[in-house]
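> Sequence isn't available, so here's the structure alone:
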């Protein structure tokens, strides 16, 4: 079996509790959704200006 290199992500996956992973995942999803909503709002504004 090949040994996988140790990386910050693999260390995080191995050493972090499921509860903490879920909290971080939720925080990331909230941030990504906020960014996505801002991009959509900008795109709508641009499309309204061009019509």
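Arrived safely, thanks for sending. Model, not experiment: these values are computed from the prediction. Numbering: from 1, shown residues only.

> for residue 5, helix, strand, or coil?
Under DSSP: H, G, I helix; E, B strand; the rest coil, the three-state class of residue 5 is coil.

> how many other residues sit next to it?
6 (other C-beta atoms under 10 Å). For glycine as for every other residue, the C-beta is placed from the backbone atoms N, C-alpha and C.

> Next one: the residue most central in space within the chain from residue 22, what distance?
Using C-alpha atoms, centre = their mean, the residue of the chain that lies closest to the mean C-alpha position is residue 28, 4.1 Å off. Shown here: residue 28 relative to residue 22, a distance of 11 Å by C-beta to C-beta, to the nearest Å.

> Also residue 9?
Residue 9 is 16 Å from residue 22, by C-beta to C-beta.

> Also residue 15?
Taken as C-beta to C-beta, the span from residue 15 to residue 22 is 15 Å.

> Would you map the helices across this structure?
In the chain, the segments counted as helices under DSSP state H are 8-15, 18-49.

> Kindly calculate the angle that the last one makes with helix 8-15.
Here helix 18-49 runs at an angle of 140 degrees relative to helix 8-15 (axes from the mean of the first three to the mean of the last three C-alpha atoms, to 10 degrees).

> buried ones in helix 18-49?
By neighbour count with 16 or more other C-beta atoms under 10 Å, helix 18-49 contains no buried residues.

> Tell me the helices and strands packed up against the helix-or-strand element of the chain with minimal mean pLDDT.
Lowest on mean pLDDT, DSSP states H and E among the helices and strands of the chain sits helix 8-15, with a mean of 89. Here helix 8-15 touches no other helix or strand, going by 3 or more C-beta pairs under 8 Å, 6 or more residues apart in numbering; DSSP states H and E.

> Begin at 219 from now on, thanks
Okay, residue one is now 219; in that scheme the one you just asked about reads as helix 226-233.

> Not counting its own residues, what contacts stretch 234-249?
For stretch 234-249, the external contacting residues (C-beta atoms under 8 Å, 6 or more residues apart in numbering) are residue 231.
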